[in-house]
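Engineer: Quick one: sequence and predicted model below, then my questions.
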Amino acid sequence: MFKAATIGVLLLAIIPVYFGEEIHDELKKVLSQEEPEFRSDKQREAVFAALDQQTPLIVVLPTSGGKTLTFTLLIILRDSGVSIVVVLFNALKKDYIRRLRLAYIEHIIWHYGETRYVPVVVVSADRAATTGFIIYESML
């Protein structure tokens, strides 16, 4: 007796490939510079590790070392889903919002009752731990 052959599907992760030209163009947009450069080799390594979807990824850079660029560039190039950015200080939140606006990246600052889904959700650390935000992010 013969059994029918079954056809299996092997799911592979689709990892996008980014070219230097794409990265350079987006760096120009994010940094508002005609000839953008990474601040350090470590920042460059972090950006490319994020783009290569290396996980877990922990980036330790000094203050003003360019940590924000690591995930912002990924948000722009990935062009899908929702990224949540938790900020600790109001000054950092204002600076990040300014950068998002300059780069024409759709975003919201999350507050209780917010239900919109946009590419970037910026939330303060104190609000990120609330039941309201946890419910919101679970619906993404």
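Structural biologist: Yep, that arrived. Residues are numbered from 1 along each chain as shown.
Engineer: what element comes up after the host helix or strand of Phe71 heading to the C-terminus?
Structural biologist: Using DSSP states H and E, Phe71 sits within helix 67-78. Per DSSP H and E, the first helix or strand lying C-terminal to helix 67-78 is strand 83-87.
Engineer: now the helix holding Phe71 and strand 83-87, what's the angle there?
Structural biologist: Between helix 67-78 and strand 83-87, the angle comes out at 170 degrees (axes from the mean of the first three to the mean of the last three C-alpha atoms, to 10 degrees).
Engineer: got the buried residues for helix 67-78?
Structural biologist: Within helix 67-78, the residues that qualify as buried are 68-78, counting by 16 or more other C-beta atoms under 10 Å. All C-beta atoms are positioned from the backbone trio N, CA, C, and that covers glycine.
Engineer: Can you list the neighbours in contact with it?
Structural biologist: Judged by C-beta atoms under 8 Å, 6 or more residues apart in numbering, the contacts made with helix 67-78 from elsewhere in the structure are 16, 18, 22-23, 26-27, 29-31, 38, 43, 46-47, 50-51, 59, 61, 83, 85, 96, 99-100, 103, 105, 119-120.
Engineer: filter those to the buried ones?
Structural biologist: The neighbour-count test (16+ other C-beta under 10 Å) applied to the contacts of helix 67-78 identifies 18, 23, 26-27, 29-31, 38, 43, 46-47, 50-51, 59, 61, 83, 85, 96, 99-100, 103, 105, 119-120 as buried.
Engineer: I figured Arg39 was touching Gly65, is that so?
Structural biologist: Yes - judged on C-beta atoms under 8 Å, Arg39 makes contact with Gly65 at a distance of 6.3 Å.
Engineer: what residue ranges in the protein score low on pLDDT?
Structural biologist: 1-19, 79-80 (pLDDT under 70).
Engineer: According to the record, where do the domains of it fall?
Structural biologist: 1-79, 81-140 (automatic domain parsing).
Engineer: Distance from stretch 20-36 to the middle of the chain?
Structural biologist: 16 Å (C-alpha atoms, centre = their mean, to the nearest Å).
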